[in-house]
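K.L.:
predicted coordinates and the sequence they were generated for:
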Amino acid sequence: MITSYQSIIWKMDIHCIWSLGVQLKASSHLGLLKETPMLM
């Protein structure tokens, strides 16, 4: 029970970290797209 419970938490943590990374990458790309016309 403990191992399966820990594996579920581990998968959820990895999913949360992965989704956060994707959101950070998307927001950074959007920021670059917004700042590019101003720089040019």
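P.N.:
Okay, I see it.

K.L.:
what secondary structure does residue 20 sit in?
P.N.:
helix (DSSP: H, G, I helix; E, B strand; the rest coil).

K.L.:
can you check residue 26 too?
P.N.:
helix.

K.L.:
do the one 3 residues further on as well
P.N.:
Assigned by three-state DSSP, the conformation of residue 29 is helix.

K.L.:
any regions of the protein where pLDDT drops low?
P.N.:
1-2, 36-40 (pLDDT under 70).

K.L.:
mind checking how far residue 25 is from residue 5?
P.N.:
Using Cβ to Cβ, to the nearest Å, we find residue 25 at a distance of 31 Å from residue 5. No exception for glycine: its C-beta is placed from N, CA and C like everyone else's.

K.L.:
same question, residue 20
P.N.:
23 Å.

K.L.:
ok, residue 27 next?
P.N.:
33 Å.

K.L.:
can you check residue 34 too?
P.N.:
Residue 34 is 43 Å from residue 5, by Cβ to Cβ.

K.L.:
just give the number of residues close to residue 8.
P.N.:
10 (other Cβ atoms under 10 Å).

K.L.:
and residue 19, by the same measure?
P.N.:
The number of residues packed near residue 19 is 10, by other Cβ under 10 Å.

K.L.:
and it, how far from residue 26?
P.N.:
10 Å.

K.L.:
what does residue 8 give?
P.N.:
Residue 8 is 27 Å from residue 26, by Cβ to Cβ.

K.L.:
try residue 10
P.N.:
Taken as Cβ to Cβ, the span from residue 10 to residue 26 is 25 Å.

K.L.:
what's the answer for residue 32, then?
P.N.:
For residue 32, the distance to residue 26 - Cβ to Cβ - is 11 Å.

K.L.:
shared neighbours, those two?
P.N.:
Residues touching both residue 32 and residue 26 by Cβ atoms under 8 Å, 6 or more residues apart in numbering: none at all.
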